[in-house]
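Peer 1: Return a 3D structure for these sequence lines:
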Amino acid sequence: MRRKSKKYLKYFLIILLLAIIAAAIVIGVNFKKKNIKVEATTTSAAETSVNESTTTSTTKKINEEFYSSSLEDIANYSFVSPKGWLLTEFKKGIRTVLENTSSSGSENIIVSVEKSDELIEIKSENEIPEKYISGLKDIKTKVDLTPEDITISEIQAKIYGYEYSLMLEKEGQKAVDLISYIKNDGCLYIIKYLGINIDTSTALSNFKSFLKDFSLKSTEKSVKTPKKQNSVNILILGDDSAFDRPGGRVNGRTDIIIIFHLNLESGEGTIVTIPRDTWVSIPGHGDGKINGAHAFGGNELTVQTIELLSGLKIDNYIITDFDGFKPLIDLLGGVTIEVKENLSDSFSGCYLTAGVHHLNGEEALALSRNRHRNGEPGQQGGAFAREREAAKIILALYNQQTTFERFIKMPVFINYMMNYVWTDFTFKDVIRFLPSFGKINTQNIKITSIPSWPEMVGSASAVVYDKEATKELFEEIKNQ
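Peer 2: So this is what the prediction gives:
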């Protein structure tokens, strides 16, 4: 009996041991499965996180209208261009122009960066509002707008502006001119808005929206691709007509013929004077004196003749006559110019000693018409000297307005000048050229003439020119 009990105990212990082993195996397997499941869940979650991150990264919306300047020694700025507006950049963003081409009207926003220590014409940025409106009191259609507060890149600023009637295109169209600015790290960031046929409240709303996105803190690279400017050729004509002389802008003879070539990116340029008696081919009229082109076919034929002579594409023309020239000079407060020889001419009425003179409209007209003279040292005399003097007067007039004033108020100023000149300039042309015209240093403008000399052509007293040397001159200008 005892032996049988021992036998049962032995079997019981063996079964118990097997049960413990089996339980251990089951527990171990289940634990392993659990770990695998946890690891799988963790891995899946991690992968999901990575995938979500990648998806977020790859689907992050890129604003194609975002622009950032790439200036090297000045704090860069950025903005979001209104959708669909064209962007033109000058010198890595020292100036930028935005143009709205989709609306029934026309809108432009211009950004210009100025180093404060280089703005010698103003002692403080607080003078900007006064400079903005000074000299415009004679513009009767101008209505000043109430200044408004705004924050630009966390800097408190104001919006100033006025509206006026446009003369450059269809008379009676309304133009809106707005300006704001901020100062940062020794630089002025000047932002200007110009609109045609845009309601003033809409103009202000659009301008404010742009200013709110303007930033000096962004480190992102520019996305919007800007256009680059190249050059422009402007034909300047002085007509020999007046209220008591026949012709005028329609078919008078052009005593002054000047080509002004300007590189819009560099601000460098060349003024080429063309003697009025230069013997050239006039399309549809054979050979003759170049000033006859205007008498035969007005501005259009004159442009064709100049293009044929120079090989340049003339972008725009400006013409004035005696009646326009005198009041224009007086409007600008006269002109200061250096005369380098004594002049005494009863024909033109010019009587001046060598030296610096401030001339009124009557005196400036007499100087620009005086061809009975020897000429400056190293330059031709007679009519050649007269044409060079006219070019000097143009530069002197331009130089009387500081570069800063030209930039902030040139559109309205040019608009007012339409009382005294005729042109095919549109308001869009003015905006296109404004960033460069407002920055021109007259020291970078060279005055020259086509290589020419007086000579009889048949029975005509004319001026002939060196065709090969003239071709080289204009080729050099093209590449400027």
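
Peer 1: ok, the residue lying closest to S281 once chain neighbours are set aside - contacts?
Peer 2: By the measure of CB to CB, 6 or more residues apart in numbering, the closest residue to S281 outside its immediate chain neighbours is D287, 5.6 Å from it. For glycine as for every other residue, the C-beta is placed from the backbone atoms N, C-alpha and C. By CB atoms under 8 Å, 6 or more residues apart in numbering, D287 lies in contact with W279, V280, S281, V457.

Peer 1: So D287 versus G333, what's the distance?
Peer 2: Summarising the geometry, the distance separating D287 from G333, computed by CB to CB, to the nearest Å, is 43 Å.

Peer 1: what do you get for N316?
Peer 2: Computed with CB to CB, the distance linking N316 and G333 is 26 Å.

Peer 1: Look at the two and report which has more neighbours.
Peer 2: Taking N316 and G333 together and counting by other CB atoms under 10 Å, N316 has the greater number of neighbours (18 against 12).

Peer 1: Now do the more buried one against R432, distance only.
Peer 2: If you go by CB to CB, the gap between N316 and R432 works out to 10 Å.

Peer 1: now swap in D466 and tell me
Peer 2: Remark: distance between D466 and R432 (CB to CB) = 34 Å.

Peer 1: more neighbours, these two?
Peer 2: Just comparing D466 and R432: by other CB under 10 Å the higher neighbour count belongs to R432, 20 against 13.

Peer 1: Now F207: closest residue in space that isn't a chain neighbour?
Peer 2: When the adjacent residues along the chain are set aside, F207 lies closest to Y193, with 4.4 Å between them (CB to CB, 6+ apart).

Peer 1: how about the host helix or strand of the one you found as PDB, C-alpha atoms only?
Peer 2: Following DSSP states H and E, one finds Y193 within strand 187-196. Coordinates of each C-alpha in strand 187-196 appear next as PDB, following Å, rounded to 0.1, in the frame of the first residue of the first chain:
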ATOM      1  CA  CYS A 187      18.000 103.000 -44.200                       C
ATOM      2  CA  LEU A 188      14.700 104.400 -45.400                       C
ATOM      3  CA  TYR A 189      12.300 102.000 -47.000                       C
ATOM      4  CA  ILE A 190      10.000 104.200 -49.100                       C
ATOM      5  CA  ILE A 191       6.800 102.600 -50.500                       C
ATOM      6  CA  LYS A 192       4.800 104.400 -53.200                       C
ATOM      7  CA  TYR A 193       1.400 103.600 -54.700                       C
ATOM      8  CA  LEU A 194       0.100 105.000 -58.000                       C
ATOM      9  CA  GLY A 195      -3.300 104.300 -59.400                       C
ATOM     10  CA  ILE A 196      -5.400 105.400 -62.400                       C
END
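
Peer 1: What is the helix or strand following that strand packed up against?
Peer 2: Beyond strand 187-196 in the direction of the C-terminus, DSSP H and E gives the next helix or strand as helix 200-213. Counting by 3 or more CB pairs under 8 Å, 6 or more residues apart in numbering; DSSP states H and E, the packing neighbours recorded for helix 200-213 are strand 78-80, strand 106-115, strand 148-152, strand 155-165, strand 174-184, strand 187-196.

Peer 1: For helix 200-213, give me every contacting residue.
Peer 2: When contacts are defined by CB under 8 Å, 6+ apart, helix 200-213 is touched by residues 79-80, 82, 107, 109, 145, 148, 150-152, 157, 159, 161, 163, 176, 178, 180, 191, 193, 195, 198.

Peer 1: Could you chop this protein up by domain?
Peer 2: What the record gives for the chain is the domain set 66-216+224-228, 231-478, from automatic domain parsing.
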